[in-house]
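Enquirer: I would like to see how this sequence folds:
(2 chains)
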Number of protein chains: 2
Amino acid sequence: MLEKIMELLEGKKYQQLKALLNSMEPVDIAALLDEVPPEKLLLLFRILSKENAADTFVEMDSVSQEVLIRSFKDAELEAVLDELFLDDTIDIIEEMPANVVKRILRHSDSETRKKINELLNYPKDSAGSIMTIEYVDLKKTMTVSEAIDRIRKTGVDKETIYTCYVTETNRKLIGLVSVKTLLLSPNDALLEDIMETNIIFSHTHDDKEDVANKINKYGFLAIPIVDNEGRLVGIVTVDDAIDVIQDETTEDIEKMAAIVPSDKPYLKTSTLDLFKKRIPWLLLLMISATFTGKIITGFENALQACVALTAFIPMLMDTGGNAGGQSSVTIIRGLSINEIEMGDILRILWKELRVAVICGLTLAAANFCKMMLVDRSSIAQSGSNVVLVCAVVSITLFVAVIIAKLVGCTLPIAAKRIGFDPAVMASPFITTIVDACALLAYFNIAKIVLKI
Amino acid sequence: MLEKIMELLEGKKYQQLKALLNSMEPVDIAALLDEVPPEKLLLLFRILSKENAADTFVEMDSVSQEVLIRSFKDAELEAVLDELFLDDTIDIIEEMPANVVKRILRHSDSETRKKINELLNYPKDSAGSIMTIEYVDLKKTMTVSEAIDRIRKTGVDKETIYTCYVTETNRKLIGLVSVKTLLLSPNDALLEDIMETNIIFSHTHDDKEDVANKINKYGFLAIPIVDNEGRLVGIVTVDDAIDVIQDETTEDIEKMAAIVPSDKPYLKTSTLDLFKKRIPWLLLLMISATFTGKIITGFENALQACVALTAFIPMLMDTGGNAGGQSSVTIIRGLSINEIEMGDILRILWKELRVAVICGLTLAAANFCKMMLVDRSSIAQSGSNVVLVCAVVSITLFVAVIIAKLVGCTLPIAAKRIGFDPAVMASPFITTIVDACALLAYFNIAKIVLKI
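Expert: Numbering: from 1, shown residues only, chains lettered A, B, ... in the order given. Reported below is the predicted structural model:
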C-alpha cells in the first residue's frame, strides 16, 4: 500500500492519490503516513479531505505530528487545531517539545488556550488529564423534544451524544439521560421524570485506571467527571478507557518483566531509550545476586565434599523461580483487574499453601524418579550415595516450591499495602529471593542428610 | 454491605431490603449476591425489581447462576431467559453442566432455541461465539424520520441502537448509519444518501481477539459480523470487546508465567484446578533443566580446579534470564497489541543486538568492579587468580546477555510464524535455554582464560 502511494506521489497522480487516501479510515491513513519520509509528509497530508485531515492527525504518532506542526502554515495549523477535541489536543501537547507547544498555544483562541492550561494542570494519570470537555448538557425542565433539538444543534462538536448530562445552573450534575431513553420516551416527557439520578461518576483527581475500570465494570459509553464541588467538568469516553486499559496493562507487563515502563511503541523507541528502560533492574538484580554467591561460597566445603550437588543448583533455582513467578503473576493480575482484594490475603495464603504442597510433592517425586534413572551413574562416579543425593535434591525441591509460592503470593499484596506497585514483585524479583532461600535450604539439608 | 443485607434478611425487613438493593447497579448487586450463602440466594434474587433481575443475573458468576437456575420455578426461569440478550444466554450456557443446559433450552421458545443452537455451533473464540443478534436493521429507502420511528419501535430489545445497519432484502449488509448522523440530518433525507458505505466488518469465523482489536483501533461502539456470503448475522459491541481484551491479556500473562490459562477467577478456582494449571510447565521446565545439570557435570573437573567459579553460576543464570525475559516480553506484548509485525524481525534483531551490547558492556563493567571490591578475598582464598576469574565472569556475562536478548526476541516471532502462541516463549522458557547457553559459555571461557 505504502509503495503504491509513493508511486502515485512520484508520478504526481494527485487525483488518484486523493481518491485512494480518502476511501480509507483515518487510523489506517495515519499508520501509512507514519511510514512516509518526513519531507513527503506535508504534501500527502494536504491531499486529505478536510474531514479526514484532523481525524488522521490525531491518530499519527508524535514524531509525525511534530513534523507536520513545524511545517504547517499558520492557517493550516489553526484549521487542524479547530477540529480537534480538547482531550486529543492535550495528548498531543504532552508529547511535544516546548517551542512546538508554544506554537500550538499561540494559534489557539484565548478561550481554548485557557481550557488547555486548566487541563494541563491536572496530575499525570488523573481522570482530569484524559477527560474531554465536549459533552451535551441539558436542563431538567426540558422536554424530550427540546432535548433532541438541543442535541441536533450542538451535537456535531461533541465527542459523544449518546449519554447526555443534566446539570443545574451552577453546573452541578443531577442526572443522566441516554439518547436511547430519549428516543424511547414520549416527546413531551420532562427530563426530570425520565433521567437517571443514581449517577456513577469519577472525580478529576481519580486515577485514570480506576476511571477506565469503572467504565468497563458498568458497561458505560462514557462516565461523567466532577470536581470537588460536584460540578460536571468533563467526561471520559469508552474508547479512551480502552486505551488506558491497554496502556496500563502494557505497563504492568513491563514492570513484571523488570523493565522501567514507557509509553512509546517498541519500534519507535531508540536503542538508548530501550537501554535506559532495561538496565536499572538488570543492574539491581545482578548486584542482589551477590547474596546467592555468598551463600555458595559459605558452603564451598560441602560442595567439595559432594561435587554432584552443584549440577542440581540450576534446576532448583529455576523451578523455585518458576513456581514463585506463577503465584506472584496470578496475584498481580488479580489485583489489577480487581478480582482480588487486600482483605483476601489469608484465603490466598491458605490456597497457595495447599497448591504448593501438591505441586511440591509431584515435582519432588518426579525429580526423584528422574534422578534415579538419569543421574544415577554420574552421582555414583563422584563417589556419593546415590539415594541420599536424590533425596536431598528432592526434599529441597519440595521446600523451595513451598517457599516460592508463599513468597510469590505475599509480596505483591504487601507491596500494594505499603503503596507500591504490585507488578514490580513479579518473577525477576521473586526469583532473586527464592534463589537465596532455595540454596540455603539445599546446603543445610545436604549437611544434615549427607553428614558433610 | 453484605452484613447489612444479611441483617435485613434475618430481620425479615423485606421492604428496606428491596429499596436498598434496587438503588444499586446490577453489577454491584451481582457482586454481593455472589458472596451470599446458596440457600439465601433465591430469596434475595426474588426481591429484585423485574428490570434489575435479568441484568443482575447476567453479571453473577456461573456458580451462583447455576444455583439460581436449579432453584427457579419454570415461570421464573422463562422470565429471566426472556430478558437476556442472546449472547449472554450463550455465555451462561457455555459454563453450565448438561442437565442445566437442557433445562434452559426446554424453557426457551422454539425460535430462540434454534438461534441458540446456531450460535453454539460457532467455534470457541470466534466472532460468532460472542456476537449478539439483537441489532437495529434499516432499509436504504427509508427516510431519517422513518428510521427514527423504527428505532423507537424496535430499539428497546436491542443491545445497541447507536449504530444501525442498512441491509438489502437478502440480509446483505450495504451500509451503516449512526444515530448521531440520523439526528444531525434533515428528517426527509434518505438513508442511502447519508449512510456510510465504506464498511469495516468481521467474519463469523474471525478470532474474537481480532474483532476486539478492530473495535479498539477504529473506536467503534459496535462492529457488524457477516457470514461468508456477506449477510449480516450479528454485531459485537464495545463492552464485550473490552471483556475479550481483558480475558485475552490475562491469558497472555498466564502463559508468560508458565501457567496453563483458564477463565475462572482465582478465588473461585479450586486448589486442584490451580495445581492442574501450574504443574505441566513446572514439570516440563524442571525436566529440561536436566541439560543444564549435564553441562555442569561435564565440566566438573574445571569446577574442581577453580571452585570460586561455582559462586557466580546463579548470578549469570539470573541475569541472563532477566535480560532474555525483558526482550521476549516486550516482543510478545508488541505482537499482541499489533505494534510489531512478523516482517519487522530484522529491524528487531538489529535493535536488540545494539541494546544487548550496551546492556552487556554496562553489566560486565559493573560486575567486574563489584567482584574486585566484594569477592576479591574469597576468590584469592580459593587459590585462583583474582583478575582472571573476574574477567571470566564478566566476559561470560556479556556473552550471556547478547545470547539472551537475541533468543528472547527471536523465539516469540518464530513461534508466531509456525502458528504457536508467542506468549509461551516468555521468561521461564527463555530462561531454560539461556541457562544452558550461559553455562556452556562460562565453562568454555573459563577453560581458555584460566587454562584449566
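Enquirer: tell me what residue A:165 is bridged to.
Expert: residue A:137, residue A:176 (DSSP bridges).
Enquirer: what sits against it?
Expert: A:135-138, A:173, A:175-176, A:224, A:232, A:235 (CB atoms under 8 Å, 6 or more residues apart in numbering or on different chains). C-betas here are computed from N, CA, C, even on glycine.
Enquirer: relative to chain B, which of those residues is nearest.
Expert: Ranked by distance to chain B (CB to the nearest CB), the contacts of residue A:165 are led by residue A:136 at 10.7 Å.
Enquirer: and that closest one, how many residues sit next to it?
Expert: Using other CB atoms under 10 Å in any protein chain shown, residue A:136 has 23 other residues around it.
Enquirer: which residues does it contact?
Expert: A:150-151, A:154-155, A:158, A:161, A:164-165.
Enquirer: show the buried residues in these.
Expert: A:150-151, A:155, A:158, A:161, A:164-165 (16 or more other CB atoms under 10 Å in any protein chain shown).
Enquirer: inside strands: which ones of those?
Expert: A:164-165 (DSSP state E).
Enquirer: report the two of the buried ones among the contacts of residue A:136 separated the most.
Expert: A:155 and A:165 (13.1 Å; CB to CB).
Enquirer: select only the buried ones of the contacts of residue A:165 in PyMOL?
Expert: A single PyMOL command selects the buried members of those (16+ other CB under 10 Å):
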select buried, chain A and resi 135+136+138+173+175+176+224+232+235
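Enquirer: can I get the contacts of residue A:165 in CSV including pLDDT?
Expert: Formatted as CSV, these follow (pLDDT from 0 to 100):
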residue, pLDDT
A:135, 92
A:136, 93
A:137, 92
A:138, 95
A:173, 95
A:175, 95
A:176, 94
A:224, 96
A:232, 94
A:235, 94
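Enquirer: could you break chain A into its assigned domains?
Expert: A:2-121, A:137-245, A:266-450 (automatic domain parsing).
Enquirer: ends of the second one, what's the gap?
Expert: Going back to what we said before, that points to domain A:137-245. The first and last residues of domain A:137-245 sit 27 Å apart, counting by CA to CA, to the nearest Å.
Enquirer: residues making contact with the helix or strand containing residue A:297?
Expert: Per DSSP states H and E, residue A:297 falls inside helix A:290-298. Here helix A:290-298 makes contact (CB under 8 Å, 6+ apart) with A:303, A:313, A:432, A:435-436, A:439-440, A:443, B:308, B:310-315, B:318, B:370, B:374-375, B:378.
Enquirer: buried residues in it?
Expert: Neighbour counts over helix A:290-298 (16+ other CB under 10 Å) mark A:290-297 as buried.
Enquirer: what do you get for stretch A:109-126?
Expert: Neighbour-count burial for stretch A:109-126 [16+ other CB under 10 Å]: A:112, A:115-116, A:119, A:122, A:126.
Enquirer: same question, stretch A:301-308
Expert: A:302-308.
Enquirer: try stretch A:159-175
Expert: Buried-residue list, stretch A:159-175, by 16+ other CB under 10 Å: A:159-167, A:173-175.
Enquirer: same thing with stretch A:11-30?
Expert: A:17, A:20-21, A:24-30.
Enquirer: near chain B, from those?
Expert: A:25, A:27 (CB under 8 Å from any CB of the partner chain).
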